[in-house]
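*Asks:* Any chance you can model this:
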Amino acid sequence: MAETRVDPADRDAVLEATIAQHPGAFIGAVGPTGLFVDLPEELRDAGLRPIDGPASALGLALPEDHTTIIDAWHRLLGEGVANCRFRPRSQPDRPARLHLIDVSHRYDVIVLILTDIEGVSVLEHEDIRPRLVTMRKDPTAVILDADPQIHRVLGWSAAELAGRRSLDLVHPDDHQRAITGWMDLLAAPAGEARRIRLRHLHRDGRVIWFEITNHSLLHMAEPCVLAEMLDITDEMAAEEALRASEQLLRRLTEALPMSVVQIDARRRVVYQNARGARMVGTEVGGELGAAALDPVVPADRPMVGAALVRVLRDGTDADIEYGYRDPRLGLRRASAKARALTTADGRVAGAVICLADVTEEVRLREELQRRAAFDELTGCRNRAATLTALSDALAAAEHGTAAVFVDLNDFKLVNDRYGHAAGDRMLAHVAHVLRGAVRDVDVVGRLGGDEFVVVCRDVPRLEQAQDLALALGAALESAPLDMRGAILRPRASIGVAWTRPGGLDADALIAHADKKMYEAKHGLHPLPRFRPTVFP
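*Replies:* Residues are numbered from 1 along each chain as shown. Sure thing, here's the model as predicted:
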């Protein structure tokens, strides 16, 4: 490292040039520990603005740039000069440059010059408090002397603390614990130490937590107790925040209208709210294993087991819905959302599972789906669902697809003579007959009014489509309906359209079947009742 170090004369030249080029810069002196020290008089006369306040250059920078400054400090130790850009607290949106020059051969300090910072008269800084300070107390706990840095922790200078009772600095709520700890120390063998955590009050009223190690030196020529006081305020704040967060989480989970279960990586229950205990049937410490899956319906057990494996092994979220048997309510549906819990290094440490009984929601969803796809009066597919079924049939066809258009004859007379309720009975009756006459793979839909369409999948030939249409017509005529003592036999005009795979789309096939039905209704074909067509 000595081979790359800048020689003293060149370092002096760098200092002079930097001062000359930046007359409005800030200047400070740094000792070998990196902390600011008094600026030599010769450098105060250089015309730059002294840096006043922070303990080190780190206090001038945003925390995200501390590493950058530390890297520059290490280069300075090796080479004698270094510089870096960083974001100062005084102007965080405009980076400044920090120059470090070792002129200890001349001034016994390292010079720090801050440039590229404009419009700032006083540098903003963070006072980085020391973590560990000391004080000496006599056997009655009166302070004899204290670390000079203690003012940066508690706000009082060492001179102000000398002669005061240490108990006066302790938070009133911790007085009894402090007294008990002190008496325990006095009873301890000479040379031993006792540790205690106490809240102290800063001069401005803030609470400072200390972990105090009291060393008994009462056997010495000048009896005293040496107290090493470690500032643990941040740790205690984090601990309190964690405790509050855990309490909030537990209170929240108890208030939620769902079951919450937390498990570790071995599937052992770490926490569960009351609903979770009832729904899962396990206790804290118990395993969420095969026995816990017994209420799950057999068909869904593999899915539930696989979801648990996926979350705990891969850390992958799992959202599933499954059936289970409730001892009181019988067969139910549950929704489970499982989320992995990971450690800082990414390992899966367990999972939290939220469970909810969604039986009523599932029933409502299925009802809405049914209403969205089916005609409420006849139970047939509605127009949109019928066209979707026809499109699906055409897309999957290996042979051919037929559309049979059925339009009732003289339906208006039924409404006029017997009323609309009778007309509704007739439509429901026709729909029932049509569904009973088609194959299992066929779909009966109602386009509207007295118009029905039958979607026939995998019909190899036109002749087979015609046979299906004839069977539908015959089924209707052989199924009379008693209407207030009058026996009505439904009659219909039927049009048939057939296409090979890759032929017509759903709309075109329906249109052609409708056209052939129209021709049949108006006697435009030798077989007016059944009018087939084939495409292409």
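*Asks:* list the buried ones in stretch 106-113?
*Replies:* 107, 109-113 (16 or more other Cβ atoms under 10 Å). Any C-beta I mention is one placed from the backbone N, CA and C, and that applies to glycine too.
*Asks:* just stretch 434-454 next, same as before
*Replies:* So, applying 16+ other Cβ under 10 Å, buried residues of stretch 434-454: 434, 437-438, 442-447, 450-454.
*Asks:* Let me know the distance separating residue 469 from residue 225.
*Replies:* In this view, residue 469 and residue 225 are 107 Å apart by Cβ to Cβ, to the nearest Å.
*Asks:* Give me the more crowded residue out of those two.
*Replies:* Neighbour tally, residue 469 and residue 225, criterion other Cβ atoms under 10 Å: the higher count belongs to residue 469, 28 against 22.
*Asks:* Let's see which of the buried residues of stretch 106-113 end up in strands.
*Replies:* When DSSP state E is applied, the buried residues of stretch 106-113 are split such that 110-113 fall in strands.
*Asks:* of these, closest to residue 136?
*Replies:* Distance ranking of these against residue 136, using Cβ to Cβ, places residue 110 first at 33.1 Å.
*Asks:* OK, contacts around that closest one?
*Replies:* Shown in contact with residue 110 (Cβ atoms under 8 Å, 6 or more residues apart in numbering): 29-32, 76, 100-104.
*Asks:* What separation do you get for it and residue 33?
*Replies:* 10 Å.
*Asks:* Show me which helix runs longest in this protein.
*Replies:* helix 233-255 (DSSP state H).
*Asks:* contact partners of it?
*Replies:* By Cβ under 8 Å, 6+ apart, helix 233-255 touches 197, 207-209, 260, 271, 273-274.
*Asks:* who are the neighbours in contact with the nearest residue to residue 436 once chain neighbours are set aside?
*Replies:* Closest residue in space to residue 436, ignoring its immediate chain neighbours: residue 475 at 7.1 Å, by Cβ to Cβ, 6 or more residues apart in numbering. Residue 475 is in contact with 433-434, 436-437, counting by Cβ under 8 Å, 6+ apart.
*Asks:* so which two of the ones in strands among the buried residues of stretch 106-113 are the farthest from each other?
*Replies:* Most distant of those, by Cβ to Cβ, are 110 and 113, 10.7 Å apart.
*Asks:* Need the overlap of contacts for the two.
*Replies:* residue 101.
*Asks:* re earlier: which of the buried residues of stretch 434-454 fall in strands?
*Replies:* 443-447, 451-454.
*Asks:* Quick one: those residues as JSON lines, columns for pLDDT and distance to residue 121 too.
*Replies:* As requested, these are exported to JSON lines (pLDDT from 0 to 100; distance: Cβ to Cβ, whole Å):
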{"residue": "443", "pLDDT": "95", "distance to residue 121": "83"}
{"residue": "444", "pLDDT": "96", "distance to residue 121": "87"}
{"residue": "445", "pLDDT": "95", "distance to residue 121": "83"}
{"residue": "446", "pLDDT": "95", "distance to residue 121": "84"}
{"residue": "447", "pLDDT": "93", "distance to residue 121": "83"}
{"residue": "451", "pLDDT": "95", "distance to residue 121": "87"}
{"residue": "452", "pLDDT": "96", "distance to residue 121": "89"}
{"residue": "453", "pLDDT": "96", "distance to residue 121": "86"}
{"residue": "454", "pLDDT": "96", "distance to residue 121": "89"}
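*Asks:* mind putting those in JSON lines, distance to residue 138 included?
*Replies:* Below are those laid out as JSON lines (distance: Cβ to Cβ, whole Å):
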{"residue": "443", "distance to residue 138": "98"}
{"residue": "444", "distance to residue 138": "102"}
{"residue": "445", "distance to residue 138": "99"}
{"residue": "446", "distance to residue 138": "101"}
{"residue": "447", "distance to residue 138": "102"}
{"residue": "451", "distance to residue 138": "106"}
{"residue": "452", "distance to residue 138": "105"}
{"residue": "453", "distance to residue 138": "104"}
{"residue": "454", "distance to residue 138": "105"}
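*Asks:* now the helix or strand containing residue 469: how far from the chain's centre is it?
*Replies:* Using DSSP states H and E, residue 469 falls within helix 462-477. In terms of Cα atoms, centre = their mean, to the nearest Å, the centre of helix 462-477 is found 58 Å from the chain centre.
*Asks:* Okay, buried residues for it please.
*Replies:* By 16+ other Cβ under 10 Å, the buried positions in helix 462-477 come out as 462, 464-466, 468-470, 472-473, 475-476.
*Asks:* Do a quick rundown of the helices in the stretch 301-450 of the chain.
*Replies:* Ranges of helices within the stretch 301-450 of the chain are 301-314, 359-373, 383-396, 411-418, 420-437, based on DSSP state H, counting those that start in this stretch.
*Asks:* for those helices, which one sits closest to residue 82?
*Replies:* helix 301-314 (46.8 Å).
*Asks:* Contacts for the closest one next, please.
*Replies:* With Cβ under 8 Å, 6+ apart as the criterion, helix 301-314 contacts 263, 265, 267, 288, 293, 296, 316-318, 320, 322, 336, 338-340, 348, 350-351.
*Asks:* just to revisit the earlier point, what packs against the helix or strand just after the helix holding residue 469?
*Replies:* Counting by DSSP H and E, the element after helix 462-477 in chain order, helix or strand, is strand 481-483. Strand 481-483 is packed against helix 420-437, strand 486-488, with contacts defined by 3 or more Cβ pairs under 8 Å, 6 or more residues apart in numbering; DSSP states H and E.
*Asks:* Listing partners with orientation, what would you give for strand 481-483?
*Replies:* When sheet partners are counted by DSSP bridges, strand 481-483 sits next to strand 486-488 (antiparallel).
*Asks:* Whichever helix or strand comes after the partner strand pairs with which strands, parallel or anti?
*Replies:* Of the helices and strands lying after strand 486-488 in sequence (DSSP H and E), the nearest is strand 492-499. Next to strand 492-499 in the sheet, as set by DSSP bridges, lie strand 401-408 (antiparallel), strand 530-535 (parallel).
*Asks:* and strand 492-499, how far out from the chain's middle?
*Replies:* Put simply, strand 492-499 sits 56 Å off its chain's centre (Cα atoms, centre = their mean).
*Asks:* Send me the helix holding residue 469 as PDB with only the CA atoms.
*Replies:* The C-alpha atoms that make up helix 462-477 are tabulated as PDB, following Å, rounded to 0.1, in the frame of the first residue of the first chain:
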ATOM      1  CA  LEU A 462     -77.100 -34.600 -43.100                       C
ATOM      2  CA  GLU A 463     -79.400 -37.600 -43.000                       C
ATOM      3  CA  GLN A 464     -78.700 -38.200 -39.300                       C
ATOM      4  CA  ALA A 465     -79.500 -34.500 -38.600                       C
ATOM      5  CA  GLN A 466     -82.800 -35.000 -40.500                       C
ATOM      6  CA  ASP A 467     -83.600 -38.000 -38.400                       C
ATOM      7  CA  LEU A 468     -83.000 -36.000 -35.200                       C
ATOM      8  CA  ALA A 469     -85.400 -33.300 -36.400                       C
ATOM      9  CA  LEU A 470     -88.100 -35.800 -37.300                       C
ATOM     10  CA  ALA A 471     -87.700 -37.400 -33.900                       C
ATOM     11  CA  LEU A 472     -88.200 -34.000 -32.200                       C
ATOM     12  CA  GLY A 473     -91.300 -33.300 -34.200                       C
ATOM     13  CA  ALA A 474     -92.800 -36.700 -33.500                       C
ATOM     14  CA  ALA A 475     -92.000 -36.300 -29.800                       C
ATOM     15  CA  LEU A 476     -93.900 -33.000 -29.600                       C
ATOM     16  CA  GLU A 477     -97.000 -34.300 -31.400                       C
END
